[in-house]
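# next one to model:
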Amino acid sequence: MTAAPRHFADLDQVPGDALRTILDRAHAYKRRGRDHERPLAWRTLLMIFENPSTRPRVSFEVAMYQLGGQAITLASHELQLSRGETTEDTARVLSRYGDAIMLRTNSARNLRDLMAGASVPVINGLTDASHPCQLMADIMTLEEAFGGVRGLTVAWTGDGNNMAVSWIHAAVCFSFTLRLACPESLAPPADVLAWARRQGADVHLTDDPRAAVAGADVVVTDTWVSMGTDERDRHDLLQPYQVNEALMARAADGAVFMHCLPAHRGEEVTDAVIDGPASLVFDEAENRLHAQKGILDWCLG
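I've put the predicted structure just below:
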């Protein structure tokens, strides 16, 4: 009987010991630089992108190359998906060609349909509901900075979007306190918050960014709107949630700042913060490479 593929869909769907294994491998790969084994020789990762990408595309391609394999990038408009072929049929075909599929999509349903049809591992490169690969890089970065994440206090300020959802998943999986400051109309999904609380997570929601950040070890934000779009009413609503020097001053001594990038400088974060000594933003970006090596290694066994 053929074993079910190891999908990396969301943090809450991966066993805790597997998440630890992925991070341990990521740290090991980073320590060894390019002088490490190439366990994915002759393996191929097929990557489908519904929208432009810098970090996911480059980090996955380089990760596969350094692990001995190759990555093929596919824009969704170049596939028969754009002409009516179902996601399940596409998954069945691609499973005959490659060893794993990474999808970056606007719709979580597309990810579920791809997993339903695929006989190879599927990796969630981002959906409108979550961004687990980024969180693995973020947790790796915090482990480098603090030695571990258990017991830390993380403050999220801004839109309760897909990144906020993955931070909620991570608070459950890695046992840290999470305070979310969001406008009421942009709060994270109520079912995700309810799930986290049923798991016993220390997760709190407020509409006051100053209260959320007070004494926090980590301050996190994300863009208010997707790159290339303009929603002025959202800017006005989220302006009080900007991470600036005054807000960072309320965090704990030695607190760090994180952002998944790309950033709209001067909107959700000021230059003084993102370029300041507390910023781990570019360490996070680098660690996408190493964390994804760990994910690929785990998915492909």
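
# correct me if wrong: Cys173 contacts Ala18.
No: Cys173 is beyond contact range of Ala18, at 10.3 Å (criterion: C-beta atoms under 8 Å). (Glycine included, C-beta is placed from N, CA and C.)

# among the two, which residue is more densely surrounded?
Taking neighbours as other C-beta atoms under 10 Å, Cys173 and Ala18 compare with Cys173 leading, 21 against 14.

# which SS class is the more buried one?
Judged by DSSP: H, G, I helix; E, B strand; the rest coil, the three-state class of Cys173 is helix.

# how far away is it from Gln13?
Going from Cys173 to Gln13 by C-beta to C-beta, to the nearest Å gives 10 Å.

# same check, this time on Ala251
Going from Ala251 to Gln13 by C-beta to C-beta gives 31 Å.

# His7 contacts Gly117, doesn't it?
No: counting by C-beta under 8 Å, His7 stays clear of Gly117, with 11.9 Å between them.

# so where's this protein shaky on pLDDT?
Scanning the chain for pLDDT under 70 picks out 1, 82, 226-230, 232.

# can you pull out the helices in the stretch 1-150 of the chain?
Applying DSSP state H, counting those that start in this stretch to the stretch 1-150 of the chain gives helices spanning 16-32, 55-66, 87-97, 108-117, 132-146.

# neighbouring contacts of the first one?
Around helix 16-32, the neighbours that count as contacts under C-beta atoms under 8 Å, 6 or more residues apart in numbering are 11, 14, 36, 136, 139-140, 143-144, 173-174, 287, 290-291, 293-295, 297-298.

# among those residues, filter down to the buried ones and hand me the ChimeraX syntax, if you would.
In ChimeraX, this line selects whichever of those come out buried by 16 or more other C-beta atoms under 10 Å:
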select :11,14,36,136,139,140,143,173,174,287,290,291,293,294,295,297,298
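
# of Ala251 and Gln13, which one has the most company?
Between Ala251 and Gln13, counted using other C-beta under 10 Å, Ala251 has the larger neighbour count: 22 against 12.

# what helix or strand is the more buried one located in?
Using DSSP states H and E, Ala251 maps to neither a helix nor a strand.

# for it, which non-adjacent residue is closest in space?
Ala216 (4.8 Å; C-beta to C-beta, 6 or more residues apart in numbering).

# which SS class is the one you found?
Applying three-state DSSP: Ala216 is coil.

# quick thing: my sequence starts at 253, can you match it?
Right, with 253 as the first residue, what we last looked at is Ala468.

# so what's it up against?
By C-beta under 8 Å, 6+ apart, the neighbours of Ala468 are 405-407, 431, 503-504, 507.

# any idea how far apart the tips of stretch 516-525 sit?
One end of stretch 516-525 to the other measures 13 Å (C-alpha to C-alpha, to the nearest Å).

# report the buried residues of that stretch.
Going by neighbour count (16+ other C-beta under 10 Å), the buried part of stretch 516-525 is 519-522, 525.

# would you map the strands across the stretch 453-553 of the chain?
455-458, 470-473, 508-511 (DSSP state E, counting those that start in this stretch).

# and Thr473, how far from Thr325?
Computed with C-beta to C-beta, the distance linking Thr473 and Thr325 is 29 Å.

# comparing the two, which residue is more hemmed in?
Taking neighbours as other C-beta under 10 Å, Thr473 and Thr325 compare with Thr473 leading, 29 against 16.

# show me what the more buried one is bridged to.
When bridges are called by DSSP bridges, Thr473 pairs up with His511.

# and the gap between it and Asp535?
When distance is defined by C-beta to C-beta, Thr473 is 16 Å away from Asp535.

# check Val471 too.
Distance from Val471 to Asp535, counting by C-beta to C-beta: 15 Å.

# swap in Thr522?
Taking C-beta to C-beta, one finds Thr522 at 19 Å from Asp535.

# neighbours of Ser328, just the number please.
Ser328 has 18 neighbours, counted by other C-beta under 10 Å.

# wait, doesn't it sit right on Ile300?
Yes: using C-beta under 8 Å, Ser328 is in contact with Ile300, at 5.8 Å.

# joint contacts of these two?
When contacts are counted by C-beta under 8 Å, 6+ apart, Ser328 and Ile300 are jointly contacted by Thr357.

# could you measure from Met354 over to Asp411?
Using C-beta to C-beta, Met354 is found at 25 Å from Asp411.

# compare those two (neighbour count), which wins?
Set Met354 next to Asp411 and count neighbours by other C-beta under 10 Å: Met354 wins out with 30 against 24.

# what bridges to the more buried one?
Residues in a beta bridge with Met354, per DSSP bridges, are Met299, Ile375.
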